[in-house]
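**Q** What follows is a predicted protein model with its sequence.
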Amino acid sequence: MRAIVRHQAMPSADVHELRARLERVQGRRMEAPVLPTHPALADLLPGGGLRAGSMYSLAPPTSLLLALLARPTQEGSWCGVVGMPELGAEAAEHLGVDLSRLVLVPHPGSRWVAVTATIAEVLPVVAVRPAGRIADGELSRLAARLRDRGSVLLVQGVWPQAEASLSVSDAEWTGVGDGHGYLAGRTLTVTVHSRRSPVLRRARLQLPDIGGRLAPVEQGRVERAPAPVELAPDFADMPARAVS
């Protein structure tokens, strides 16, 4: 027996909205837990947090990475940072990272992939700055280990198979007058491109604000725009910076 169904095309905007709604529902109902993060970033991330077993691609600055690590450490999760020798402990603490739950491996050497995979066996969140390209086989084994252990990988740079890519743009510093003064805070736009949704999510944030922490420019305001046809921005050529 065959069922004959009349097909009627949906408007593109309706399709995008439906996909976004389904993604949000899926994020809440997934068996894999979602690690919490700052509310200003949670509004942008698919599922409202960091999905266990997933990988994320981050653009510089390092303050964005530290802002993502802050909430998990505050709630008792251990985090590891691999291949970032200049990462500042004072800056991390100002952004809310609990240093008592932070493990640093500043110089992993040429075996950075193996070091990252080993740390992911025991820590729920691992951040890494790749020292080179990763082979397809190594990527598959690392992804499988993350799924098996339920760990989250935050990569500073371009990364294949990323759950989402976070980029920054339109940075503006405050506190400097006409040739005098001190840098007091920075306002920038954070944009998230998720492979689960064709809709870009972006928000204007203070990172850091005058107190050295992450804060939304307008509480609860998240802008959404249709994703362009081209792929997410390539961060490989952007210099990484440590926050101090």
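**A** Received, thanks. Numbering: from 1, shown residues only.
**Q** Please make it C-alpha for all contacts and neighbour counts, starting now.
**A** Will do.
**Q** Extract the residue ranges of this protein that are flagged as low pLDDT.
**A** Flagging of the chain using pLDDT under 70 yields the residue ranges 1-32, 175-184, 218-244.
**Q** that's a helix at residue 47, yeah?
**A** Yes: residue state for residue 47 (DSSP: H, G, I helix; E, B strand; the rest coil) corresponds to a helix.
**Q** and residue 113, what does it touch?
**A** By CA atoms under 8 Å, 6 or more residues apart in numbering, residue 113 lies in contact with 130, 134, 138, 142.
**Q** tally of neighbours for the closest residue to residue 212 other than its chain neighbours?
**A** Closest residue in space to residue 212, ignoring its immediate chain neighbours: residue 94 at 5.6 Å, by CA to CA, 6 or more residues apart in numbering. Using other CA atoms under 10 Å, residue 94 has 18 neighbouring residues.
**Q** just the one 3 residues further on next, same as before
**A** Burial of residue 97, expressed as a neighbour count using other CA under 10 Å, amounts to 23.
**Q** quick one: it and residue 64 touch, right?
**A** No: between residue 97 and residue 64 there is no contact under CA atoms under 8 Å: 11.9 Å.
**Q** any residues in contact with both of the two?
**A** Contacts common to residue 97 and residue 64, judged by CA under 8 Å, 6+ apart, are absent.
**Q** Dump the contacts of residue 113 into a markdown table; add neighbour count as well.
**A** Listed next are the contacts of residue 113 as a markdown table, based on neighbours: other CA atoms under 10 Å:
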| residue | neighbour count |
| --- | --- |
| 130 | 19 |
| 134 | 14 |
| 138 | 13 |
| 142 | 20 |
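**Q** quick one on the thing from earlier: report the contact partners of the residue nearest to residue 212.
**A** 211, 212, 213.
**Q** same question, residue 56
**A** Going by CA under 8 Å, 6+ apart, the list of residues near residue 56 reads 152, 153, 154, 155, 159, 162, 163, 164, 165, 166.
**Q** Show me what the helix or strand it falls within pairs with in its sheet, parallel or antiparallel.
**A** For residue 56, the host element (DSSP states H and E) is strand 55-58. Applying DSSP bridges, strand 55-58 is found paired with strand 152-156 (parallel), strand 164-176 (parallel).
**Q** What's the first helix or strand after it?
**A** Sequence-wise, the next helix or strand downstream of strand 55-58 (DSSP H and E) is helix 62-74.
**Q** Contacts for whichever helix or strand comes after that following helix, please.
**A** Using DSSP H and E, the next helix or strand after helix 62-74 towards the C-terminus is strand 79-82. With CA under 8 Å, 6+ apart as the test, strand 79-82 has contacts from 69, 72-73, 101-108, 112, 115-116, 119, 123-129.
**Q** With respect to burial, which of the strands paired with strand 55-58 scores highest?
**A** Of all the strands paired with strand 55-58, strand 152-156 has the most neighbours on average by mean count of other CA atoms under 10 Å, namely a mean of 25.
**Q** What angle do helix 62-74 and that strand make with each other?
**A** Between the axes of strand 152-156 and helix 62-74, defined by axes from the mean of the first three to the mean of the last three CA atoms, to 10 degrees, the angle is 160 degrees.
**Q** what about the helices in the chain?
**A** Applying DSSP state H to the chain gives helices spanning 12-29, 39-42, 62-74, 89-94, 112-120, 136-149.
**Q** Just put those in TSV and tack on distance to residue 192.
**A** Shown next, in TSV, are those (distance: least, CA to CA, whole Å):
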stretch	distance to residue 192
helix 12-29	13
helix 39-42	9
helix 62-74	12
helix 89-94	22
helix 112-120	24
helix 136-149	21
